[in-house]
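>>> got a predicted structure here, sequence first:
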Amino acid sequence: MCMEIEFDVNMNSNILYDYMLHHTYNSFSGIIGSAVGALFLVAAYMNRQVIFLIAGAVILIYQPWSLFLKSKQQMLNNPAFKKPLHYKLTEEGIEVSQDDQIQNQKWEDMHKAVSTSNSIIVYTSRVNACIFPKKDIGEDKYKVIEIISTHMPPNKVRIRS
């Protein structure tokens, strides 16, 4: 059975922010940063020291705020996000096109596939990804998940519907 699906993605800063949050807080540094911030808050409670409270709050608030600002900045500065990206998932891989530019990624080169509440994310490298907002793929979400799950090894796919 030949599976293929096409859809357009309209990137916005909220989708980009969702990706950045997931990527950051599922990395070693994101987990350590959150743990350190939480430890400062516990130390503030136990020692009644305002400095620990301030340090913990700054650490825990700074990261999401900076990611929010970065997502807004990337939307403004990246011309690729100004127009829809056209994706085609095929037996061979993922094709993304915009205007006359076309890029292909083979399934065997994909690093992993994950999901957030808003998107399905297929990592094409450790830091780069194809982001498929669920609002853009609509009812085809399950077909997209099926194609990804069929073409990538199970240990690389962590998608929850």
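Noted; the coordinates are in hand. Since this is a predicted model, take the numbers as computed values, not measurements.

>>> do you know how far I61 is from F40?
From I61 over to F40 the distance is 12 Å, taken as C-beta to C-beta, to the nearest Å. Backbone N, C-alpha and C define where each C-beta goes, glycine included.

>>> what of T124?
From T124 to F40 the distance is 36 Å (C-beta to C-beta).

>>> in what element of secondary structure is the nearest residue in space to T116 that is not next to it in sequence found?
Of all residues not flanking T116 in the chain, H22 sits nearest, at 4.9 Å (C-beta to C-beta, 6 or more residues apart in numbering). Per DSSP states H and E: H22 is located in helix 13-25.

>>> show me what the helix or strand just after that helix is packed up against.
Next along the chain after helix 13-25, taking DSSP H and E as the criterion, comes helix 28-47. Judged by 3 or more C-beta pairs under 8 Å, 6 or more residues apart in numbering; DSSP states H and E, helix 28-47 is in contact with helix 13-25, helix 50-77.

>>> let me see the mean pLDDT of helix 28-47.
Confidence for helix 28-47, expressed as mean pLDDT, is 85.

>>> what's the angle between that helix and helix 13-25?
Here helix 28-47 points in a direction 80 degrees away from that of helix 13-25 (axes from the mean of the first three to the mean of the last three C-alpha atoms, to 10 degrees).

>>> distance of the residue lying closest to F68 once chain neighbours are set aside from W65?
Once flanking residues are discounted, F68 sits nearest to Y17: 5.6 Å by C-beta to C-beta, 6+ apart. Computed as C-beta to C-beta, the Y17 to W65 distance reads 11 Å.

>>> go on, E91?
Taken as C-beta to C-beta, the span from E91 to W65 is 42 Å.

>>> report the angle between the least confident helix or strand in the chain by mean pLDDT and helix 50-77.
When the helices and strands of the chain are compared on mean pLDDT, DSSP states H and E, helix 28-47 comes out lowest with a mean of 85. Comparing the axes of helix 28-47 and helix 50-77 via the same axes, to 10 degrees yields an angle of 150 degrees.
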